[in-house]
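Trainee: return atomic coordinates for the entry below.
(one chain, ligands or ions: 2)
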Amino acid sequence: MPYKFTFDLTMVPQKFFKELAVIIDSKKIHKRTGKILNSMIERFRLSELTGLDLTAILQVIEDIVDIQLKNIAYRQKFIQSSKKALFLPHCARKYIDNRCRAEFDPEIPTFRCKRCSPDCLINQASSMAEELGYDVYVVPGGSCIPKIIKTHGYDGIIGVACGEEIRLAYTYLNEHIAAQAVPLLKNGCSKTVFSLESLSKILQKPSGPGDREGLHRARM
Ligand code: SF4
Ligand code: SF4
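Mentor: Numbers count the residues shown, from 1 in each chain. Ligands and ions are numbered 1, 2, ... in the order given. Purely as a prediction, here's the structure:
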């Protein structure tokens, strides 16, 4: 389910996300802690940068905060999970018309990237994850994820999607699955953008269970 508006946070300074991560880490922030978010949004002039009104930008940032808090809560369980998969959104393909050479397998369902464009986010993200031993799916929507998880018995998953789709995906999961998520920085259901750096931190395997550094690396 997409947001009812489009957003593009790619021009928001990294300092904003770093500061947000520090506040989340220190647990001084909680979902719906509007005051802190409002002042940060104002200080970094996010409405001006993104062209969104305050209500919309607040909704997007609150969703990002909620995702980060859940990532922290489930990180240890995710690290300890034995079978992991990465779910990528089809909307982040470089092309969503027939210039994309990916084959669609309706049985799973997933797109199978054919690596036609080295600068395609899906190509880069799936290569990175496969090298680390993850199974990768490029899905047409979040509703197909439960079937894939059940069929293959995954107990650790990473999902990349817009905040609303991630929020919906949490409702598909049960207590046996540890999830981590990376929110889109630009939505709109085509040519969407996410941070490869954030994904890389989440994908990285820590050196051992209980590795605090691994926990920190996974944050933003
Ligand atoms: S690199 Fe893969 S996902 Fe990207 S446009 Fe080419 S085939 Fe499609
Ligand atoms: S932006 Fe992408 S992940 Fe979000 S609803 Fe649209 S297609 Fe799905």
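
Trainee: ligand 2 contacts on this structure?
Mentor: The chain comes close to ligand 2 at residues 2, 89, 91, 161-162, 165, 184, 187, 189, 192, as judged by CB under 6 Å from any ligand atom. Every residue, glycine included, has its C-beta placed from N, CA and C.

Trainee: give me the subset of those residues touching ligand 1.
Mentor: Taking CB under 6 Å from any ligand atom as the test, ligand 1 is in contact with none of these.

Trainee: what segments of the chain are helices?
Mentor: Using DSSP state H, the helices of the chain run over 14-25, 34-43, 46-50, 54-80, 121-131, 145-152, 163-170, 196-203, 212-217.

Trainee: of those helices, which is nearest Arg115?
Mentor: Counting by CB to CB, Arg115 lies closest to helix 121-131 out of the helices of the chain; the figure is 5.3 Å.

Trainee: quick one: the closest one near ligand 1?
Mentor: Yes: contact of helix 121-131 with ligand 1 (CB under 6 Å from any ligand atom) involves 122-123.

Trainee: tell me the pLDDT at Met220?
Mentor: Met220 carries a pLDDT value of 48.

Trainee: now do the nearest residue to Leu196 once chain neighbours are set aside against Arg93, distance only.
Mentor: Excluding the flanking residues, the one nearest Leu196 by CB to CB, 6 or more residues apart in numbering is Gln124, at 5.9 Å. Computed as CB to CB, to the nearest Å, the Gln124 to Arg93 distance reads 11 Å.

Trainee: what residues are up against Leu46?
Mentor: The contact partners of Leu46, taken as CB atoms under 8 Å, 6 or more residues apart in numbering, are 12, 16, 40, 52, 57, 61.

Trainee: 6 Å instead, please
Mentor: The contact partners of Leu46, taken as CB atoms under 6 Å, 6 or more residues apart in numbering, are Ile57.

Trainee: leaving out sequence neighbours, find the closest residue to the residue nearest to the spatial centre of the chain.
Mentor: Centroid check for the chain by CA atoms, centre = their mean gives Val182 as the closest residue, at 1.6 Å. The shortest distance from Val182 to any non-neighbouring residue, by CB to CB, 6+ apart, is to Val160 (4.5 Å).

Trainee: residues in contact with the one you found?
Mentor: Applying CB under 6 Å, 6+ apart, we find Val160 in contact with 88-89, 182, 194.

Trainee: return the subset of the residues you listed lying in strands.
Mentor: Among these, the members found in strands (DSSP state E) are 88-89, 182.

Trainee: Gly133: which of those is nearest?
Mentor: Nearest to Gly133 among the ones in strands among the contacts of Val160: Leu88, at 16.0 Å, using CB to CB.

Trainee: please convert the buried members of the residues of the chain next to ligand 2 into PyMOL selection syntax.
Mentor: Selection of the buried residues among the residues of the chain next to ligand 2 in PyMOL, burial being defined by 16 or more other CB atoms under 10 Å:
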select buried, resi 89+91+161+162+165+184+187+192
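
Trainee: dump the residues of the chain next to ligand 2 to a markdown table, plus pLDDT and distance to Pro140.
Mentor: Formatted as a markdown table, the residues of the chain next to ligand 2 follow (pLDDT from 0 to 100; distance: CB to CB, whole Å):
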| residue | pLDDT | distance to Pro140 |
| --- | --- | --- |
| Pro2 | 67 | 13 |
| Pro89 | 97 | 9 |
| Cys91 | 97 | 9 |
| Ala161 | 96 | 12 |
| Cys162 | 93 | 14 |
| Glu165 | 91 | 11 |
| Leu184 | 96 | 15 |
| Asn187 | 93 | 16 |
| Cys189 | 90 | 11 |
| Thr192 | 96 | 13 |
